[in-house]
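# Could you look at this predicted model? Sequence included:
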Amino acid sequence: MHKHALFLLFAWSLAGPALAQSSTPPAPPLVQRTAPVQVPMPSPAMKAALEAANRGTLDDLALAGFSGQPLAGWLEYAALRKRIDTLPIPRGNAFLASQRNQPVATAFRNEWLPALARRNEWQAFLSNWEPGIDDPALRCLHLQARMAMNRVDAQWTQDAQSIWRSSGKSLPAQCDAPLAQLAAQGGLHDALRWERIDLAIAEAQPGVIRAAARGLPAADAVLASSYAAYFDNPVAAIPGQWPRDARSRQVASRALAKAAKASPDMIEAMLPGVTRALGLDEAERGRVLHQIALWTVASYLPNSAQRLAAVPLSAYDANLHEWQVREALSRSDWAGALTALRRMPEALRSDSRWTWFAARTSELTGDAAAAKALYAQAASKSDFHGFLAADRLNQPYALCPWQPAVTPAAKQAIARDPAIIRALQLFALDRKGWAEREWKDALARFSDEQRRIAVEVAQDNGWFDRGVFGLVNVGGKRYPDEQRLYHLRFPLHHDASIRREAARHRLDPAWIAGEIRAESVFDPRARSSADARGLMQVLPSTGVGVAAKFGIPWQGGDSLYDADTNIAIGTAYLRQLMDRYGGKPYQVIAGYNAGPAPLNRWMAQRPDMDADIWIETISYKETREYVARVLSFSTLYDWRLNGDAARVSERMLGILNGPRKGFACPVQEAPAVAPAPATPKKNKPRRK
């Protein structure tokens, strides 16, 4: 690894009005990271035994030979699940008892219970039930078990009714029998049926509406079926049997809103008639107008602005506020974009992205002073738009790295935790789902400090994405200060290969590292649902062609799991895209994510647009955010690799030979002397 900015960085050269002008300290030096701790990895024999267990060829004698090893429980689980439908009940029960309260027991129970149900072993099912299980299919099997054991009592009825009203979407097939029993014994009274129908209306689920309506009185059943039919085919003429009530209005507004995605023009034409027929209120009309506008502006159709203006402000959400800005930007309507930005809620408008565009549109409409203040506000953020703002002000990039001191003893203690050992060994064996179970079990017991140390230990052992999934947002809680843990959140591995291939193809190595961070977080075995593989998530169909063109050894799709091969092919592919699309990285990054067809369309639609506005007006949310993320990551990896960085405003255009930027930690300017509190005049009340 090259020198990693473990030194003082540059001071601010030009600060915004909210930041110190001359006394702002540079970004502090990082604490020297504690020496790596290696967790013992599983032996080749354990790997071979797991493979045999997965084939169903590991016998009990061979299994016994691994007793006492960290992964013995998972090995036994792998062996037992292959014969779970014929597994003797005492053997399954004994395994659960031996692994009680361990993640492997939960994994086994989730398969053991359905197996017992398939075998009609209901007493064993009930004996192995855990009250905390919340999976709907297992809960319904639990109801079936109690039915089979003649335990259909008041509590059973209450539990079945709880399942019934738990969702407006379809329930698992395992729920059919107990819900039929509930209906047969009179437990599904009309009010409960309508309760589930209302849930299904909110979820736009006509099939659930029809199913829940069975058993209603004839007139009610006809009405409910009419509601379901309207979801399938909304029409302007409201059926005559519909009452003019809140439920009918909900059906109409949600059905029209759903249909607006495919047919915004048709739904816009129908809405006035439906409004008159049912008396839709502002919220109900707003729901439909929101979807009409959204699916119009998402394609930048000519009437986008008018449809956005027709949506009542009460129906605006963050998504529509953002699209109103993008739509104006796409037409170079700077005043309109600025107006839309000012309509945003403060919490949304304060995001660095929208602060940047408020500055840009202020500048483009002639308000230089407001623009400068807004640029300074955005420049305090360590992200793509913050870096752009710092470029605009010609000041260093904001960065306040935090690397807490970790004692070797604390790190060794985490590395000896049995769950951490199992998690890292399972990850090494490419059993990621199992590894995740052990990881979550460990973190549930750890303090915040121990969790951060666990992330470091995981990365010492090659599990780099824990810096993404083990920090900042964990277990439903947010830890914003952990965003500053750059040494963990932006791991760097295979840097020699990255530098070599970047030099070979005349590309920025920080860009390659940023792509890897965005695509796989440095997991060489990563594989997407689309079959993209390895560090740079290359499709085999792409890999074979690039390998042939550039003379890279190719042994089939699994070649992409080799880190060096993947970096070589992924980098060569980026070079191809650069040559094809005029050498502009911001467009190449968009094409790398979305593919050539959308990229060609976006380039044709907005050929002369400034890069930042072009990026923001990309119609795909994933790609729009991906481009900004990769450019931000590239800047941070430039810091990690070299201690300074190319200007992001030039980097995104492919200009790498300009002046480089330093990094510094901004601080708020404190007043030299605090003002004395005002003394109110006598006989006059204070103004509140």
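Received the coordinates, thanks.
# Quick one: low-confidence residue ranges for the stretch 251-400 of the chain.
Applying pLDDT under 70 to the stretch 251-400 of the chain flags no residue at all.
# Now do the strands in it.
According to DSSP state E, counting those that start in this stretch, the stretch 251-400 of the chain carries its strands in the segments 397-398.
# ok, now the chain?
Here the chain has its strands, by DSSP state E, at 397-398, 473-474, 477-478, 645-646, 660-661, 663-664.
# tally of neighbours for Ser447?
9 (other Cβ atoms under 10 Å). Any C-beta I mention is one placed from the backbone N, CA and C, and that applies to glycine too.
# for Arg580, that is, sorry about that
As a measure of burial, Arg580 has 13 neighbours, counting by other Cβ under 10 Å.
# How much space separates it from Val588?
8 Å (Cβ to Cβ, to the nearest Å).
# coming back round to it: can I get the strands of the chain in JSON lines with mean neighbour count and distance to Ala260?
JSON lines is the format used below for these (neighbours: other Cβ atoms under 10 Å; distance: least, Cβ to Cβ, whole Å):
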{"stretch": "strand 397-398", "mean neighbour count": "26", "distance to Ala260": "42"}
{"stretch": "strand 473-474", "mean neighbour count": "14", "distance to Ala260": "32"}
{"stretch": "strand 477-478", "mean neighbour count": "9", "distance to Ala260": "34"}
{"stretch": "strand 645-646", "mean neighbour count": "24", "distance to Ala260": "44"}
{"stretch": "strand 660-661", "mean neighbour count": "20", "distance to Ala260": "46"}
{"stretch": "strand 663-664", "mean neighbour count": "26", "distance to Ala260": "46"}
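# out of those strands, which comes closest to Arg624?
strand 473-474 (20.9 Å; Cβ to Cβ).
# Could you please name the strands that closest one pairs with and the direction of each pair?
Strand partners for strand 473-474, identified by DSSP bridges, are recorded as strand 477-478 (antiparallel).
# Now find how far off-centre the strand it pairs with is within its chain.
For strand 477-478, the gap between its own C-alpha mean and the chain's C-alpha mean amounts to 14 Å (Cα atoms, centre = their mean, to the nearest Å).
# Over to stretch 56-74?
With Cα atoms, centre = their mean, you get 37 Å for stretch 56-74.
# measure that stretch end to end?
Start-to-end span of stretch 56-74 (Cα to Cα, to the nearest Å) is 14 Å.
# same deal with stretch 129-137?
Span of stretch 129-137 from end to end, Cα to Cα: 13 Å.
# Do I have it right that Ile567 meets Gly543?
No - between Ile567 and Gly543 there is no contact under Cβ atoms under 8 Å: 11.9 Å.
# Neighbours of the nearest residue to Leu289 once chain neighbours are set aside, how many?
In space, Leu289 comes closest to Val311 once its chain neighbours are excluded; the distance is 4.5 Å by Cβ to Cβ, 6 or more residues apart in numbering. Using other Cβ under 10 Å, Val311 is surrounded by 21 other residues.
# Might you report the residue contacts of Val311?
Gly286, Leu289, His290, Ala293, Leu320 (Cβ atoms under 8 Å, 6 or more residues apart in numbering).
# Put together TSV for those residues, with neighbour count on each row.
Shown next, in TSV, are those (neighbours: other Cβ atoms under 10 Å):
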residue	neighbour count
Gly286	20
Leu289	26
His290	22
Ala293	28
Leu320	19
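# For Arg342, see how far away the nearest residue to Lys440 once chain neighbours are set aside is.
Spatially, and ignoring its direct neighbours in sequence, Lys440 is nearest to Pro103 (7.5 Å; Cβ to Cβ, 6+ apart). Separation of Pro103 from Arg342 (Cβ to Cβ): 50 Å.
# And the two? Which one has more around it.
Pro103 (24 against 10).
# That one touches Asp441, doesn't it?
Yes - applying Cβ under 8 Å, one finds Pro103 in contact with Asp441, separated by 4.8 Å.
# Which neighbours do the two have in common?
Jointly contacting Pro103 and Asp441 under the rule Cβ under 8 Å, 6+ apart are Ala419.
# for the stretch 1-150 of the chain, what spans make up the helices?
Taking DSSP state H, counting those that start in this stretch as the test, the helices found in the stretch 1-150 of the chain are 44-55, 60-64, 72-81, 89-98, 103-118, 122-127, 136-148.
# what's the answer for the stretch 201-350 of the chain, then?
Assigned by DSSP H, counting those that start in this stretch, the stretch 201-350 of the chain shows helices spanning 206-213, 218-232, 246-259, 264-278, 282-297, 304-310, 318-330, 334-343, 346-349.
# And these: which comes nearest Ile615?
Nearest of those (Cβ to Cβ): helix 318-330, 10.5 Å.
# Format the CA atom coordinates belonging to that closest one as PDB.
Coordinates of each C-alpha in helix 318-330 appear next as PDB, following Å, rounded to 0.1, in the frame of the first residue of the first chain:
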ATOM      1  CA  ALA A 318     -39.300  14.100  -1.100                       C
ATOM      2  CA  ASN A 319     -39.200  12.100  -4.400                       C
ATOM      3  CA  LEU A 320     -41.600  14.500  -6.200                       C
ATOM      4  CA  HIS A 321     -39.800  17.600  -4.800                       C
ATOM      5  CA  GLU A 322     -36.500  16.200  -6.200                       C
ATOM      6  CA  TRP A 323     -38.100  15.500  -9.600                       C
ATOM      7  CA  GLN A 324     -39.500  19.000  -9.800                       C
ATOM      8  CA  VAL A 325     -36.000  20.300  -9.500                       C
ATOM      9  CA  ARG A 326     -34.600  17.800 -12.100                       C
ATOM     10  CA  GLU A 327     -37.300  18.600 -14.600                       C
ATOM     11  CA  ALA A 328     -36.500  22.300 -14.400                       C
ATOM     12  CA  LEU A 329     -32.800  21.600 -14.700                       C
ATOM     13  CA  SER A 330     -33.400  19.400 -17.700                       C
END
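# and it with helix 334-343, angle?
Taking axes from the mean of the first three to the mean of the last three Cα atoms, to 10 degrees, one finds helix 318-330 and helix 334-343 inclined to each other by 160 degrees.
# Can you give me the buried ones in helix 318-330?
Judged by neighbour count (16 or more other Cβ atoms under 10 Å), helix 318-330 contains these buried residues: Leu320, His321, Glu322, Trp323, Gln324, Val325, Arg326, Glu327, Ala328, Leu329, Ser330.
# just those now: which is nearest Ala410?
Glu322 (43.2 Å).
# where in this structure is pLDDT low?
1-32, 668-688.
# next one: the longest helix along it to chain centre, how far?
The helix that spans the most residues within the chain, counting by DSSP state H, is helix 621-642. Centre-to-centre, helix 621-642 and its host chain are 16 Å apart (Cα atoms, centre = their mean).
# cool, and stretch 160-179?
The answer for stretch 160-179 is 29 Å, by Cα atoms, centre = their mean.
# And stretch 215-233, by the same measure?
38 Å.
# do the same with stretch 489-500
24 Å.
# what do you get for stretch 359-378?
That offset, for stretch 359-378, works out to 32 Å (Cα atoms, centre = their mean).
# Any buried residues in it, and which?
Those would be 359-364, 370-378, for stretch 359-378 by 16+ other Cβ under 10 Å.
# can you check stretch 410-427 too?
For stretch 410-427, by 16+ other Cβ under 10 Å, it's 411, 414-415, 417, 419-427.
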